[in-house]
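[1] Just a sequence and a predicted model for now, questions to come.
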Amino acid sequence: MTDIPVVDLKAQYASIKSEIDAAIQRVIENTSFIMGPEVRNFEAAFARFVGVSEAAGVASGTAALHLALLAAGIGPGDEVITTPFTFYATAEAIEQAGATPVFVDITPDTYNIDSSKIEAGITSRTRGIVPVHLFGQAADMDAIMAVARAHGLWVIEDAAQAHAAEHRGRRCGSMGDLACFSFYPSKNLGGYGDGGMVTSSNAALMARVRRLRDHGRIGKYAHLELGWAYRLDALQAAILSAKLPHVEAWTAARQAAAGRYDALFADSAVMTPVAREDNRHVYYAYAVRVPRRDALLEHLAANGIGAVIHYPIPMHLQPAYREMGLPRGTFPVAEMVADQIISLPMFPEITPAQQQRVAETVLAFLADEGSQQ
Ligand SMILES: *Cc1c(COP(=O)(O)O)cnc(C)c1O
């Protein structure tokens, strides 16, 4: 039995090796390693891909979130509403900006922030909302934008898992005031190291993002304000430029794989992902809910199948947020989902045979569980 990884980056490299190798060689010979033409070209291509007028390459998705919040003027004393069911970086960046994350529970179908509960989380200190397009499915953006506009709040999309995802025909990354992408290697568009991008069609906000990512610089030697060393390097930009034209095909392959899993798990105890009709889900993760999740994770590992938990600990129960004093029971939907969810192997190159084996292993475990009860 061959092992099935949760993500197979080797298979992807093998499929585009000559393009990647040429891109890397080009940068080494050109020696413009930080920013420069490779980064500018990738920014222009990525802005077109998202459907915005501007994109600024940065050091990571976390840096993108930090800079977007700062560019919006969010800082100490401010509150920012976000989801408790996300990767820690979403909340962490709000704190890096000096502000306080305020969590609002999720919906049990998409696992995204429940837009109907946002209003109740707004106080006189609220300055922004950071919706996350979790697992590759857009948050409820029209409702979120309506609440934000009614209260004069910034909306900063966390699109780290949502390259090429769409909501009502618009791309994730083009709907809020600013949006943030990650090019962490395992993301739907991933580099060979860290990388990220801020996108927006607001030129003033983007000018501030560009300044803040590069030491607050306004000229070769002049610095206007405190900034960061948050630039995207040229090697990553060249690799990402080579990969970008493949994202559409990779997305279609992910969707086809998701359809095959859906069919394999039909009429079982496995709760498969719910893709809303007005969303183009890009399946960064194929996350299912199952009974006895932790035992299943062990069973899969014992059978050579990779799986991960996105995410076992909701933000309000994180050790880093103990001082918030939000006990278990505060966000019941996020807590329930965190206890039941598991992400199965999902990558564009996954084969039907591999998926068959994943499904058989999962279903055999569940049947066994059933007979023991
Ligand atoms: C990956 C990720 C980030 C952080 O991106 P990095 O590039 O790893 O810094 C932020 N938010 C979400 C939802 C992510 O999945």
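    Yes, it's here.

[2] can you list the residues that contact whatever helix or strand L67 lives in?
    In the assignment (DSSP states H and E), L67 maps to helix 61-71. Residues outside helix 61-71 that contact it (C-beta atoms under 8 Å, 6 or more residues apart in numbering) are 56, 58, 80, 89-90, 92-94, 96-97, 99, 128, 130, 156, 158, 160, 178-184, 187, 196-198, 205-206, 208-209, 212-213, 228, 230. Quick note: C-beta positions are derived from backbone N, CA and C, even for glycine.

[3] Okay, strands next: where are they in the stretch 51-200 of the chain?
    Using DSSP state E, counting those that start in this stretch, the strands assigned to the stretch 51-200 of the chain run over residues 54-58, 79-82, 100-103, 126-130, 154-158, 166-167, 170-171, 178-182, 196-200.

[4] mind putting those strands in JSON lines, distance to the ligand included?
    Formatted as JSON lines, those follow (distance: least, C-beta to the nearest ligand atom, whole Å):
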{"stretch": "strand 54-58", "distance to the ligand": "9"}
{"stretch": "strand 79-82", "distance to the ligand": "10"}
{"stretch": "strand 100-103", "distance to the ligand": "13"}
{"stretch": "strand 126-130", "distance to the ligand": "9"}
{"stretch": "strand 154-158", "distance to the ligand": "5"}
{"stretch": "strand 166-167", "distance to the ligand": "16"}
{"stretch": "strand 170-171", "distance to the ligand": "17"}
{"stretch": "strand 178-182", "distance to the ligand": "3"}
{"stretch": "strand 196-200", "distance to the ligand": "5"}
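
[5] Tell me which of those lies nearest to T361.
    Closest to T361 of those, according to C-beta to C-beta: strand 178-182, at 29.9 Å.

[6] Let me know the angle separating that closest one from strand 154-158.
    Counting by axes from the mean of the first three to the mean of the last three C-alpha atoms, to 10 degrees, strand 178-182 points 20 degrees away from the direction of strand 154-158.

[7] packing partners for strand 178-182?
    helix 61-71, strand 154-158, strand 196-200 (3 or more C-beta pairs under 8 Å, 6 or more residues apart in numbering; DSSP states H and E).

[8] Can you lay out these as TSV showing mean pLDDT and mean neighbour count?
    Below are those laid out as TSV (pLDDT from 0 to 100; neighbours: other C-beta atoms under 10 Å):
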stretch	mean pLDDT	mean neighbour count
helix 61-71	98	28
strand 154-158	98	27
strand 196-200	98	30
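
[9] So which of those is nearest E119?
    Here strand 154-158 is closest among those (C-beta to C-beta), at 14.3 Å.

[10] and A253, what does it touch?
    A253 touches 348-349, counting by C-beta under 8 Å, 6+ apart.

[11] rerun that using 7 Å as the cut-off
    By C-beta atoms under 7 Å, 6 or more residues apart in numbering, A253 lies in contact with P348.

[12] so it sits in a helix?
    Yes. Under DSSP: H, G, I helix; E, B strand; the rest coil, A253 falls within a helix.

[13] any idea of the pLDDT on it?
    If you check A253, the pLDDT there is 98.

[14] what does the stretch 51-200 of the chain put close to the ligand?
    Within reach of the ligand by C-beta under 6 Å from any ligand atom, the stretch 51-200 of the chain has these residues: 60-62, 86-87, 89-90, 132, 158, 160-161, 182, 184, 194, 196.

[15] Tell me the one of those nearest the ligand?
    Proximity of these to the ligand was ranked by C-beta to the nearest ligand atom; the top entry is G61 with 2.4 Å.

[16] now the closest one, nearest residue through space, not along the chain?
    S182 (2.6 Å; C-beta to C-beta, 6 or more residues apart in numbering).
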